[in-house]
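In: Mind looking at a prediction? Sequence and model below.
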Amino acid sequence: MDKITLDRLCGCAVGAAIGDALGMPLEFGPPSPPDKLVRVMRPGRLPAGSFTDDTEMALALAESLLAHRPLDGADLAQYFVSWYRHNPPDVGIQTAQVLNRIAQGESWQTAEAWALANRPDSAGNGSLMRCWPAALAWWNDRPQLVNDSRLQSRLTHPHPECVAGCIFVNWMIAELVKGAAPSLAFEGALQSVSLPDEMRQAVIAAPTHRREELPNTGWVRHTLESALWGLLTTSSFEEALVQVVNLGGDTDTAGAVTGALAGAAYGLEAIPLTWRQQLRGEWPLGSQKIWHVEDFACLSRQLAMK
């Protein structure tokens with residue numbers, strides 16, 4: 001693997017975690033005034049530079065992918081349940097309900113069927129925020145990328161828009177890692193990935209929106225719109241991320257998705273050094289092991305070269 005490709009793979013993982021951390025203190029707040037955009041890591045419910053559940057769940061997915069290629073749903077369920085049992089402070093309603101059922105002994109397939117029957121309209125962004133490890137594991141194998149992107153979403157978020165969103169983002173990441181410009185990666189994903197009709201129209205329109213037209217809620221469609229808008233209307237990792245995390249609303253998740261895409265587009269070295277130096281977070285929960293940029297870079301290489 002050449003150095004540029006590896007730099008983009010590492011940029012995806014580090015970028016996702018940094019987007020999560022940059023958005024963390026702004027979560028559920030109002031949009032920042034255009035002339036007062038936050039550009040530095042700030043403390044919030046966690047110390048400045050800390051990643052959240054968005055990255056923790058991605059790391060659980062990554063560990064399962066390192067243990068099983070292709071992904072095994074039962075194994076992934078146990079990684080997620082192990083994380084859930086450590087009482088992370090910020091767990092989405094849908095994720096908590098499904099993982100609680102699995103923790104009580106249900107199979108992941110039974111829990112999925114329950115979610116489809118009892119929460120058929122639930123289309124949150126909880127699987128989109130964590131999907132990037134499947135892109136790194138299968139950046140050079142599109143059928144497997146699609147299969148594992150779909151599976152990891154089904155486990156907690158089986159809604160068609162959630163599944164399609166994960167496949168779309170990971171397809172774009174693979175295109176970006178291989179050197180496609182953001183606009184071409186976007187067009188390639190539009191041509192190759194099947195999206196529900198209303199979601200497809202929203203995705204196509206995303207780059208044309210004005211800032212004030214992006215609600216940036218926890219709906220998977222809104223998160224995808226924000227991330228695509230950030231990537232496709234800017235020309236650097238820093239500016240893509242700054243624009244998106246300052247939209248207000250679900251800023252850490254939108255930041256994580258944008259960071260994964262922009263990191264794959266521009267590479268690790270394009271991420272501001274001050275952000276990289278501040279990135280931190282415990283993984284696994286309860287282990288007292290603190291992750292930094294080097295750990296994410298190592299994980300990226302393991303996923304991509306296994």
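Out: Yep, it's here. Residues are numbered from 1 along each chain as shown.

In: pLDDT averaged over stretch 46-62 - what is it?
Out: Stretch 46-62 shows a mean pLDDT of 98.

In: Kindly report the same for stretch 271-279.
Out: Rounded mean pLDDT across stretch 271-279 is 98.

In: and if you look at stretch 228-248?
Out: 98.

In: Please apply the same query to stretch 193-209.
Out: Rounded mean pLDDT across stretch 193-209 is 98.

In: Against residue 196, how distant is residue 290?
Out: Distance from residue 290 to residue 196, counting by C-beta to C-beta, to the nearest Å: 40 Å. Every residue, glycine included, has its C-beta placed from N, CA and C.

In: Residue 218 reaches residue 252, doesn't it?
Out: No. Using C-beta atoms under 8 Å, residue 218 makes no contact with residue 252, being 10.6 Å away.

In: Please identify which of those two sits among more neighbours.
Out: residue 252 (26 against 20; other C-beta atoms under 10 Å).

In: Checking the more buried one next. Helix, strand or coil?
Out: Under DSSP: H, G, I helix; E, B strand; the rest coil, residue 252 falls in the helix class.

In: Tell me which residues touch the nearest residue to it once chain neighbours are set aside, please.
Out: Closest residue in space to residue 252, ignoring its immediate chain neighbours: residue 23 at 3.9 Å, by C-beta to C-beta, 6 or more residues apart in numbering. Contact partners of residue 23, counting by C-beta atoms under 8 Å, 6 or more residues apart in numbering, are 244, 245, 251, 252, 253, 254, 255, 256.

In: re earlier: comparing residue 290 and residue 196, which residue is more hemmed in?
Out: residue 196 (16 against 11).

In: OK, contacts around the more buried one?
Out: By C-beta under 8 Å, 6+ apart, the contact list for residue 196 reads 160, 161, 164.

In: Now for the first one, how many residues are close by?
Out: Burial of residue 160 is recorded as 13 neighbouring residues (other C-beta under 10 Å).

In: what's the distance between residue 143 and residue 289?
Out: 34 Å.

In: Give me the pLDDT value at residue 306.
Out: 78.

In: Buried residues in the helix of greatest length in the chain, which are they?
Out: When the chain is parsed with DSSP state H, its longest helix is helix 3-23. Neighbour counts over helix 3-23 (16 or more other C-beta atoms under 10 Å) mark 5-23 as buried.

In: what's the span of stretch 154-166, first residue to last?
Out: Separation of the first and last residues of stretch 154-166 by C-alpha to C-alpha, to the nearest Å is 10 Å.

In: Quick one: residues in contact with stretch 148-157.
Out: The contact list for stretch 148-157, computed with C-beta under 8 Å, 6+ apart, reads 61, 65, 70-71, 73, 76-77, 80, 94-95, 98-99, 108, 111-112, 115, 122-124, 126-128, 130-131, 134-135, 137-138, 162-163, 165-167, 170, 220.

In: How about the contacts made by residue 26?
Out: 32, 38, 42, 44, 245, 246, 248, 251, 252.

In: Now a PyMOL select for only the buried ones of the residues you listed.
Out: Restricted to buried positions by 16+ other C-beta under 10 Å, the PyMOL selection for those reads:
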select buried, resi 32+38+44+245+246+248+251+252
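
In: out of the contacts of residue 26, who's nearest residue 57?
Out: Ranked by distance to residue 57 (C-beta to C-beta), the contacts of residue 26 are led by residue 252 at 12.0 Å.

In: The closest one reaches residue 17, doesn't it?
Out: No. Using C-beta under 8 Å, residue 252 makes no contact with residue 17, being 10.5 Å away.
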